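Asker: Here is the input, now give the coordinates:
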Amino acid sequence: MSDPQNLYAWFARSAAAYGDECTALEIGDDRLSYGALRDLAERLAGRLVAAAGGTPPRRVGLLASRSVTAYAGYLAVLRAGATVVPLNPEHPSARTRDIVEAAGLELVLADAPAAGADLGVPVLVAGPEELAALAALVDEPVPELPDARTGPDDIAYIIFTSGSTGAPKGVPILHRNICAYLGQVAPRYDIEPGSRLSQSFELTFDGSVHDLFVAWAGGGTLVVPMRSQLLSPVKTINSLRLTHWFSVPSLISFASRLGTLEPGSLPTLRWSIFGGEPLTLAAAREWRAAAPDSRLEVLYGPTELTISCTAYRFPDDLADWPKTPNGTAPIGTCYPFLDLLLLDADDRPSDSGELYVRGPLRFPGYLDPANNAGRFLTSAQHPATEEPLTDRHWYRTGDRVAMRDGHLVHLGRTDHQVKIRGHRIELGEIEAMLRQQPGVRDAIVLAVPASDGEPELEAAVSGTGCVPDRLYSALGDRLPPYMLPRRIAVLDQLPLNPNGKIDRRALLAELGRSR
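Answerer: Predicted coordinates:
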C-alpha cells in the first residue's frame, strides 16, 4: 500500500482502520476514538468553510494550546483544504497580529473567546461548549464538504521562527515534504494500537507535527500532558503510562534536579527520542538507566528541513556508546533519500564544516522571499541567484558538524542563532527590537550559562536615558516569554574589538563581573 499524499490522509487512513476501537487523543479526562476525532474534525471543517463564506479558506490560524480544539482543529483545517498556521495564545498579541498579517490568514480558529481579540481577521471560537454541541450531532450525517483537492505541492503548515531582521519569518512546509518525512520516520518506532505517545511540544514548534502524525499514522494514542506536568517528566510518564517520549533534552535536567530520575524509574517507556538541542552523553546515560527497556534516539533538523533530517540511535550495549569531542551525542546520519554536503571555511567540500542539505524534506523557500538571501546554494561554490528555487538547491543550515566514525557530530553554529530549551532564537531579532526603543544607540544579546547549566539570555545596551524596566516591558509587548533576556544591562559603551565590531567575549566578561 502506498503512503498517503497529503497530511490529513495519514490520520484518515488510521481512522478508517480503527474507527471507535482505538483511542486517538487523550487530554485529561477527554478521550476521543479515531472515529470520534474524525467526526469532530469534519464538523469543525464544515464550520470553517461556512465562516469563510462557503468556499474552503486558503490559510487558517490555529490559536489554541493543549485542548481538544487544538488537535481536532489542526485536523479540521487540513480537512477543509487549508494551510495550518499555529499561533500561541501565550505570545504577545502584537506578535500574533504580525504573524496573522505576514501569513495572509483569512480566518482564525480559537479555543477561547478572549484569545482572538483584535487580530484583524474573523475568529471562529470553538471552546468546550461548542465542541460538546458538535459532538451531540453524532447521529446526524456530517455536512458534505467541498472538494479541497489538496495536492503534494500545496502548503500543509507554516511555522514562524525567530528572524534575525527583527521579525519572525514564515517557513512553509509542503504536503510532499511532510509526507516524505512520515514515510521515513513513522515506521521507525513500532507504533500500534495501545502505544501511548507524548505530546510535549507546543503546536508552534514543528516537533509537534511529529508527535501528532507519527502517533496517528500507526494507530497509537496521542497523550497530551498539561504544561505544568512537563516539569515533572518522571511522574508524568508514569501517571500517563507513556510508551513513547519525545522532548527537548532540557527536560532530562528538570527530572534530574528533582531527584526523581533514578535507575528503573521509567518502566513503561519503550522509545525515548530527543531533539531540538544537543543531548549530552551524561544526560543520555542517566535517562537510559532510568528507562532500561527503552530504545534511545536523537533527531536533528531545522524547521526548514521538515522536523528532522538525521537520526542517531544509541547502541543497546553501553560499551558501544560513542565518545565525542564535545561530550554531546552524535546527530547520526542523513536519511537515505537526502543529499548532504559539508563545506569548510573556504567553501570546499570537507569532512568537517557547515552542513548543507537538499532533497524531498527541503522546504520551498521562506514565505517572504527576501529571507532566502544567503540561505541556498546551487553548488559548492555558487550562491543561489535564480528564482524560483529548484530541487537542486542546497539549504544552508548554519550548523557546523563533523563526520566522526561514520556519524555526524554537531559542533555549534556559524551565526548567532541559539537554542533555549528547544526554542530557536535569532539573537538579532531581540537586538533589533532593543535598537528600536527610544534612547538606545546599540544593543547586544548573549546566551550565557545559568546556574543549572542551561543557557539563558542577557542583554546589554548603550545610549541615553535607557531604563532596563522600560526596555524589558517594551520587549514583553512584542516577544514571547522564552525570548526575553533575564537581565538588561545599560553601559556607557559596548566594548569593541580592533576591527570596530562589538567584542562579545569582552562583553561576556563584563556582564559576568557585574552579576
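
Asker: Any regions of this protein where pLDDT drops low?
Answerer: The model of the chain has pLDDT under 70 over residues 1, 114-117, 164-166, 379-387, 452-453, 497-501, 513-515.

Asker: quick one, domains of this structure?
Answerer: Split into domains by automatic domain parsing, the chain comes to 336-413, 419-513.

Asker: mind exporting stretch 233-240 as CSV, just the C-alpha atoms?
Answerer: C-alpha atoms of stretch 233-240 as CSV (Å, rounded to 0.1, in the frame of the first residue of the first chain):
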residue,chain,number,x,y,z
PRO,A,233,8.8,14.2,33.5
VAL,A,234,9.1,11.0,35.5
LYS,A,235,5.9,11.5,37.4
THR,A,236,4.1,12.4,34.2
ILE,A,237,5.4,9.5,32.1
ASN,A,238,4.4,7.0,34.8
SER,A,239,1.0,8.5,35.6
LEU,A,240,0.1,8.7,31.9
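
Asker: Give me the buried stretch members for that stretch, please.
Answerer: 233-234, 236-238, 240 (16 or more other C-beta atoms under 10 Å). For glycine as for every other residue, the C-beta is placed from the backbone atoms N, C-alpha and C.

Asker: just stretch 340-350 next, same as before
Answerer: Going by neighbour count (16+ other C-beta under 10 Å), the buried part of stretch 340-350 is 340-343.

Asker: And Tyr71, which helix or strand is it part of?
Answerer: Per DSSP states H and E: Tyr71 is located in helix 68-79.

Asker: of the domains of the chain, which approaches Arg13 most closely?
Answerer: Nearest to Arg13 among those is domain 336-413; the distance by C-beta to C-beta comes to 20.0 Å.

Asker: What is the end-to-end distance of that closest one?
Answerer: End-to-end distance for domain 336-413: 24 Å, by C-alpha to C-alpha, to the nearest Å.

Asker: Distance from the chain centre to it, please.
Answerer: 20 Å (C-alpha atoms, centre = their mean, to the nearest Å).

Asker: Gly46 and Gly73: what is the separation?
Answerer: Distance from Gly46 to Gly73, counting by C-beta to C-beta, to the nearest Å: 13 Å.

Asker: Pick out whichever of those two has more residues nearby.
Answerer: Ranked by neighbour count (other C-beta atoms under 10 Å), Gly46 and Gly73 place Gly73 first, with 29 against 19.

Asker: quick one: the more buried one from Leu446, how far?
Answerer: Gly73 sits 38 Å away from Leu446, going by C-beta to C-beta.

Asker: so the residue nearest to Val448 when sequence neighbours are not counted, which of the three states?
Answerer: The shortest distance from Val448 to any non-neighbouring residue, by C-beta to C-beta, 6 or more residues apart in numbering, is to Glu458 (5.4 Å). Under DSSP: H, G, I helix; E, B strand; the rest coil, Glu458 falls in the strand class.

Asker: what bridges to Glu458?
Answerer: Leu446, Arg487 (DSSP bridges).

Asker: same deal with Trp271?
Answerer: Trp271 has these beta-bridge partners by DSSP bridges: His244, Arg295.

Asker: just checking, it touches Ile237?
Answerer: No: if you go by C-beta atoms under 8 Å, Trp271 and Ile237 don't touch, sitting 11.7 Å apart.

Asker: Between those two, which contacts overlap?
Answerer: When C-beta atoms under 8 Å, 6 or more residues apart in numbering defines a contact, the residues bordering Trp271 and Ile237 alike are Trp245.

Asker: so how far is the first residue of stretch 265-277 from its last?
Answerer: End-to-end distance for stretch 265-277, by C-alpha to C-alpha: 24 Å.

Asker: What about Ile178, how many residues nearby?
Answerer: When neighbours are counted by other C-beta under 10 Å, Ile178 comes out with 23.

Asker: Geometric centre of the protein: which residue is closest?
Answerer: The centroid of the chain falls nearest to Phe205 when counting by C-alpha atoms, centre = their mean (2.4 Å).

Asker: Just the buried positions in stretch 54-65, please.
Answerer: Judged by neighbour count (16+ other C-beta under 10 Å), stretch 54-65 contains these buried residues: 56-65.

Asker: Find out how far it is from the centre of the chain, if you would.
Answerer: On the basis of C-alpha atoms, centre = their mean, the separation between the geometric centre of stretch 54-65 and that of its chain is 19 Å.

Asker: could you measure Leu107 against Glu42, distance?
Answerer: Counting by C-beta to C-beta, the gap from Leu107 to Glu42 is 17 Å.

Asker: what's the answer for Phe274, then?
Answerer: Phe274 sits 35 Å away from Glu42, going by C-beta to C-beta.

Asker: More neighbours: which of those two?
Answerer: Between Phe274 and Glu42, counted using other C-beta under 10 Å, the more crowded position is Phe274 (25 against 21).

Asker: residues in contact with that one?
Answerer: By C-beta under 8 Å, 6+ apart, the neighbours of Phe274 are 246-249, 252, 284, 296-299.

Asker: Filter these down to the ones in strands?
Answerer: 246-247, 296-299 (DSSP state E).

Asker: Using a markdown table, lay out the residues you listed together with neighbour count and distance to Gly220.
Answerer: Putting those into a markdown table (neighbours: other C-beta atoms under 10 Å; distance: C-beta to C-beta, whole Å) gives the following:
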| residue | neighbour count | distance to Gly220 |
| --- | --- | --- |
| Phe246 | 25 | 12 |
| Ser247 | 23 | 17 |
| Leu296 | 22 | 19 |
| Glu297 | 20 | 17 |
| Val298 | 24 | 21 |
| Leu299 | 22 | 18 |
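
Asker: What's opposite Gly275 in the beta bridge?
Answerer: Leu299.

Asker: just checking, it touches Val248?
Answerer: Yes: in terms of C-beta under 8 Å, Gly275 counts as a neighbour of Val248; the distance is 7.1 Å.

Asker: what is in contact with the two at once?
Answerer: Gly422.

Asker: Show me the strands in the stretch 101-250 of the chain, by range?
Answerer: Along the stretch 101-250 of the chain, counting by DSSP state E, counting those that start in this stretch, strands occupy 107-110, 123-125, 155-161, 169-174, 196-198, 221-223, 244-247.

Asker: Understood, closing this out.
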